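# I would like the atomic coordinates for the input below:
(one chain, ligands or ions: 1)
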Amino acid sequence: MPQISFDSRAILIDQQRILLLSGSIHYPRSTPEMWPHLFQKLRAAGLNTVETYAFWNLHEKQQGHIDFSGRLDLAHFCRLAQQHGLHVFLRIGPYICAETNFGGFPPWLRDVPNIQMRTDNQPFKAAMTAWVTRLCDYLRPLFAPSGGPIILAGIENEYGNISQHYGAAGIRYLEYCRDLANSLHLGIPLTMCNGDVPGALTTHNALWGHGKLDEHYAKHPDQPVLWTENWPGWYDTYGYARHLRSTTDMTYLLARFFAGGGTGANYYMFHGGTNFDRVSMYLQTATYDFDAPLDEYGLETTKYHALAKLHHLLAEHAPELLAQNPPAPLTLGEKQLAFTYAPSSPNPLTFLCNDEESAPAHITFAGESYDLAPYSVQILSGSRLLLDTAQLDPAHIITRHMEPLATLPPFEASPEPLPAHRSAGLAAPEPLEQLRLTQDRSDYCWYSSTFTSTAPTTTLTLDGVADFVSVYVDGQLHATTATPLVENRTLQDHKDFTQTFTLRLPPGHHRLDLLCCALGLIKGDWMLGFKNMAEERKGLFGRALIDDQPLSNWTMHPMLQGELTPPSSWTHFDPHNPSPWSPLWLRTTFPRPDTPHPLALDLLGQTKGLIFINGRCLSRYWLLTATIANPISPFPPMTPAGLGEPTQRYYHLPQSFLAPHNTLTLFSELPTPAPTIQLCRRI
Ligand code: GAL
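Numbering: from 1, shown residues only. Okay, here's the model as predicted:
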């Protein structure tokens, strides 16, 4: 059975150094039917490893009920990878960040008494130990010492981002993480990204891997430099522009990292895929395209081809790269360096690097002159140019689009009843926090009370509320939360969890119904102003004030009626006659289209809610226009795209979710949906 180890230079398989060329594909973000194709593309791109997190939040949605079926069949995913000649780098977490609901923790964890996540806290460690043990037992045959493809195991994730808030308890927690992994005898090296604990390899997540090299050599001279997250783009959030990263930026920084001595790099993501169901983090779009080399639909992009060429070249020259310690660079200019491998061979391998962002460089190396584009690397064998990262092969420039296939038949509609028309809810003097009522089985919870207005204008203040609220007074929709929402909020001073609405009402007694929509749970402490993740709150968890007077006597209706009992009476949907508006269920049917291409729904003209296909939740949707260019500022290498358009217009509908005849259902939370939608194919 293969033995996996490491030395100061690289990961070793059976004592042989390897160049780790890896790409992330998260199994729940595609379908088992897509996996063989994705692995084949990953392999064809010259990569030798697939990396994935394990998603505890999906495997154990209900405490004690573990699911490894369908898209969650991680063992099948690993076996298929092995059949495609790939190693697997498993990031166990179980804290994984990943723009997934609750950073990978199951929401029920929040309800464990006295729990604090990611620190030296007994209830948390007990739950983590149980899950990690269960996961590793399940995967036991798939670790390399048993003949499986898993060669590396990552534990925790970027603890460095929050460690200052946990001090000595945080250090004890990291030691616990390492000891837990060791106690499971996985027989492969353990890694930890952006967080240090003796006994685990320290790896790096960064926009520029080469920026980490010197620090790594100084701090960890006994460990190879592994770049666990190389970001080809970024995730998207509703109401903000998309984040794109250029192909030549990617080819430059990958070549530059290996030039300087890196021996392992992983694209986060190589295929980003789709956030199906309701499992994305707060505000995260259903698409997780990430501007990755394979697009959301698994199709090749320009970036894919350019990087593939570079991977093949690096793989071909792995023996020279791995045979020696990183060479000392030769300085050719202020920001121009040359790194030469196998210097005494007839054809040494040289990387000529221009680290100047905006200016080309004219340099002389070994008696020859070279023109280097800004931020570029030229790779030479002797004096022969093998590859210039700034040059893209015109034959491999790919543009893709959505082609409409069919307008689906007009919708039928069924109203979602307002609370006044539902059976008695849960009564309490004060509003009850939403997750306590829903356990996150739904995004929705109604909060109802009454009040008296005396002036023509009334101010409603919700002090302690999340995330998106529709305000109904006397059965009519009066206001909704201002957009775009802010990704990172602060719980401490309530400012980011306060919403104010001005209501124009006739004086008198009124009924108030608030439909609170939770848009996904946070992914880390910093999304609550560095409060522990256990503090996550949804719905109305504070006070509601009418002109500064707190309201009392609340009734809560957790979940939509249509989620509890599917709507039974449907009528033709007339978008011009929805008076007064109430949230709606819309449905239509359509046959499976006769095309092998990936499919998407064009939801332009719809507003916000949930999509269901044949009864299963496909994803959330929101056609919110992108009005802000960059929520993560400054973020230099990303280019904003799609300002003035909905952040997400097309929603991936995997072929395997379809039957010969299909029912598409939308929950429409906000007014003015269009009467029809388009089915498209990605070409
Ligand atoms: C990293 C994190 C990943 C993912 C990524 C951003 O910091 O480790 O899980 O969240 O950022 O997309």
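
# per-residue pLDDT, the residue in the stretch 501-650 of the chain that the ligand sits nearest to?
The ligand sits closest to K523 of the stretch 501-650 of the chain, with a gap of 6.6 Å, by Cβ to the nearest ligand atom. For the C-beta atoms, the positions are set from N, CA and C on the backbone; glycine is no exception. Per-residue confidence for K523 comes out at a pLDDT of 98.

# Equivalent analysis for S633, please.
If you check S633, the pLDDT there is 49.

# In contact with the residue of the stretch 501-650 of the chain closest to the ligand, which residues are there?
97-100, 102-103, 281-282 (Cβ atoms under 8 Å, 6 or more residues apart in numbering).

# Now for this protein, the helix or strand with the poorest mean pLDDT.
Lowest by mean pLDDT, DSSP states H and E among the helices and strands of the chain is strand 638-641, with a mean of 90.

# Sheet-wise, list the partners of that strand with their directions.
When sheet partners are counted by DSSP bridges, strand 638-641 sits next to strand 242-245 (antiparallel).

# circling back: in PDB, list the C-alpha atoms belonging to the least confident helix or strand of the chain.
The C-alpha trace of strand 638-641 is given here as PDB (Å, rounded to 0.1, in the frame of the first residue of the first chain):
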ATOM      1  CA  MET A 638     -10.900  40.900  -9.000                       C
ATOM      2  CA  THR A 639     -12.800  42.800 -11.700                       C
ATOM      3  CA  PRO A 640     -16.400  43.600 -11.000                       C
ATOM      4  CA  ALA A 641     -18.900  42.500 -13.600                       C
END
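
# what's the spacing between the closest residue to F39 other than its chain neighbours and P145?
Spatial nearest neighbour of F39, excluding adjacent residues (Cβ to Cβ, 6 or more residues apart in numbering): H84 at 3.9 Å. Distance of H84 to P145, computed by Cβ to Cβ, to the nearest Å: 21 Å.

# Now do the strands in the stretch 551-683 of the chain.
554-558, 571-572, 584-591, 599-602, 608-613, 616-622, 638-641, 650-653, 661-668, 678-682 (DSSP state E, counting those that start in this stretch).

# Out of the ones you listed, point me to the one whose mean pLDDT is lowest.
Lowest mean pLDDT of the strands of the stretch 551-683 of the chain: strand 638-641, a mean of 90.

# what's the distance between the one residue in the stretch 351-500 of the chain that gets nearest to the ligand and E33?
Here the stretch 351-500 of the chain gets closest to the ligand at one residue, E487, 11.7 Å apart by Cβ to the nearest ligand atom. Taken as Cβ to Cβ, the spacing of E487 relative to E33 amounts to 33 Å.

# For the closest residue to the ligand within the stretch 301-450 of the chain, give me its contacts.
Among all residues of the stretch 301-450 of the chain, K303 sits closest to the ligand, at 16.5 Å; criterion: Cβ to the nearest ligand atom. K303 makes contacts with 232, 247, 250, 291-293, as judged by Cβ under 8 Å, 6+ apart.

# 6 Å - rerun?
247, 250, 293 (Cβ atoms under 6 Å, 6 or more residues apart in numbering).

# Kindly report the same for G187.
P145.

# re the thing from before, how is the residue of the stretch 501-650 of the chain closest to the ligand assigned, secondary-structure-wise?
Per DSSP: H, G, I helix; E, B strand; the rest coil, the secondary structure class of K523 is coil.

# what comes up buried for the strand or helix carrying D371?
Using DSSP states H and E, D371 falls within strand 368-372. Using 16 or more other Cβ atoms under 10 Å as the test for burial, strand 368-372 gives 370, 372.

# neighbouring contacts of it?
Contacts of strand 368-372 (Cβ under 6 Å, 6+ apart): 352, 354, 361-363, 383.

# Which residues outside stretch 29-47 are in contact with it?
Here stretch 29-47 has contacts from 21, 23, 25, 50, 71, 80-81, 84-85, 271, 273-274, 288, 294, 298, 308, 311-312, 315, 654, 656, using Cβ under 6 Å, 6+ apart.

# returning to that earlier point: please say which of E487 and E33 ends up with more neighbours.
A direct count of neighbours by other Cβ atoms under 10 Å for E487 and E33 places E487 higher, at 19 against 12.

# how much space between the more buried one and I522?
From E487 to I522 the distance is 9 Å (Cβ to Cβ).

# residues near I115, how many?
For I115, the count of nearby residues is 20 (other Cβ under 10 Å).

# Might you report the residue contacts of it?
Shown in contact with I115 (Cβ under 6 Å, 6+ apart): 123-124, 534.

# Kindly give a single ChimeraX line that selects the buried subset of those residues.
The ChimeraX selection below is limited to those of the contacts of I115 classed as buried (16+ other Cβ under 10 Å):
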select :124,534
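
# okay if I get the contacts of I115 as a markdown table plus secondary structure, pLDDT and distance to the ligand?
A markdown table is the format used below for these (DSSP: H, G, I helix; E, B strand; the rest coil; pLDDT from 0 to 100; distance: Cβ to the nearest ligand atom, whole Å):
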| residue | secondary structure | pLDDT | distance to the ligand |
| --- | --- | --- | --- |
| P123 | helix | 98 | 24 |
| F124 | helix | 98 | 19 |
| A534 | helix | 98 | 20 |
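
# ok, back up a step: surely the residue of the stretch 301-450 of the chain closest to the ligand is within a helix?
Yes: assessed with three-state DSSP, K303 lies in a helix.

# how far away is it from D14?
From K303 over to D14 the distance is 33 Å, taken as Cβ to Cβ.

# Could you do T452 as well?
From T452 to D14 the distance is 79 Å (Cβ to Cβ).

# so who does F501 touch?
Contacts for F501 (Cβ under 6 Å, 6+ apart) come out as 460, 471, 479.

# Buried residues in the host helix or strand of the first one, which are they?
Counting by DSSP H and E, the element that carries L460 is strand 457-466. Applying a neighbour-count criterion of 16+ other Cβ under 10 Å, the buried positions in strand 457-466 are 458, 460-466.

# Identify the bridge partners of M402.
Counting by DSSP bridges, M402 is bridged to R682.

# Against W227, how distant is the residue nearest in space to the middle of the chain?
Residue closest to the mean C-alpha point of the chain, counted by Cα atoms, centre = their mean, is E99 at 3.5 Å. Plainly put, E99 is 20 Å away from W227 if you go by Cβ to Cβ.
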